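Visitor: Structure for this input, please:
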Amino acid sequence: TGMLQALGYGILDRDGNQIPPGAQGLAQIASISSEHVLPELSECTFRIACDVNNPLCGPRGASAVYGPQKGADEAGKWNPKADPEFPGTGAAGGLGFAFLTFTSAVLESGIQIVLEETRLREYVKDADLVITGEGRLDGQTVMGKAPIGVAKIAKEYGKPVIAFSGCVTKDAIAC
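Guide: Okay, the predicted model is just below:
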């Protein structure tokens, strides 16, 4: 909602006022207005880097997977033009969903953008060992996070990979 408000959208309560910032305002959303959207927005396109391919909704969606960890319940209303089950819409707390719904945007693998920009492939092909890491290695890591992107390139060149992590869960075996 903060991103949309910064672009000029009105995220409004029942009385037509902007909701307060932060999570507490989310329960007050009654409507969304495009009356004051920045006119330049229609001329913009966005390339959205997503580190996971979770959709926003559905059994593997960010709402179901991460929402309860943050105190969310199951209630919610969606813009009928939006597709909350599109891969990547759950990234960054639903920013992918907001960008697809309200702007001219495409969702791309965040790690693919980073790997292309850093030209990691060139370094991996000459390496003896590839080291990667993540704060928490778990079942979600295989959903498109950095260690998997790095490991896929290493696999192409037959290079061994070591991943360091602050936490490793049992479902990290999927990695």
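
Visitor: C-alpha from now on. contacts and neighbour counts both.
Guide: OK.

Visitor: hmm, who's touching the helix ranked longest in the chain?
Guide: The longest helix of the chain (DSSP state H) is helix 146-156. Applying CA atoms under 8 Å, 6 or more residues apart in numbering, the contact partners of helix 146-156 are 51, 111-112, 115, 121, 124-125, 130, 132-134, 141-142, 160-161, 163, 175.

Visitor: any idea of the mean pLDDT for that helix?
Guide: Taken as a whole, helix 146-156 has a mean pLDDT of 91.

Visitor: Give the pairing partners of the helix or strand that comes right after that helix; include direction for each.
Guide: Later in the chain than helix 146-156, the nearest helix or strand by DSSP states H and E is strand 161-168. Partner strands and pairing direction for strand 161-168 (DSSP bridges) are strand 130-137 (parallel).

Visitor: Just the C-alphas of the partner strand, formatted as PDB.
Guide: Coordinates of the C-alpha atoms in strand 130-137 are reproduced here as PDB (Å, rounded to 0.1, in the frame of the first residue of the first chain):
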ATOM      1  CA  VAL A 130      31.300 -22.200  -5.800                       C
ATOM      2  CA  ILE A 131      30.200 -20.800  -2.400                       C
ATOM      3  CA  THR A 132      26.800 -19.300  -1.900                       C
ATOM      4  CA  GLY A 133      24.600 -18.600   1.100                       C
ATOM      5  CA  GLU A 134      21.300 -17.400   2.600                       C
ATOM      6  CA  GLY A 135      20.000 -16.400   6.000                       C
ATOM      7  CA  ARG A 136      17.700 -19.400   6.100                       C
ATOM      8  CA  LEU A 137      18.000 -22.400   3.900                       C
END
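
Visitor: got the CA positions of the lowest-mean-pLDDT helix or strand in the chain in CSV?
Guide: Least confident helix or strand of the chain, by mean pLDDT, DSSP states H and E, is helix 62-65 with a mean of 70. The C-alpha atoms that make up helix 62-65 are tabulated as CSV, following Å, rounded to 0.1, in the frame of the first residue of the first chain:
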residue,chain,number,x,y,z
ALA,A,62,2.9,-15.9,0.1
SER,A,63,-0.3,-15.1,1.9
ALA,A,64,-0.7,-18.8,3.1
VAL,A,65,3.0,-19.4,3.6
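
Visitor: Past it, which element shows up next along the chain?
Guide: Downstream of helix 62-65 (by DSSP H and E), the next one is helix 95-102.

Visitor: rewinding a little: orientation of the longest helix of the chain relative to strand 130-137 in degrees?
Guide: 150 degrees (axes from the mean of the first three to the mean of the last three CA atoms, to 10 degrees).

Visitor: Now helix 146-156: buried residues?
Guide: Judged by neighbour count (16 or more other CA atoms under 10 Å), helix 146-156 contains these buried residues: 146-151, 153-154.
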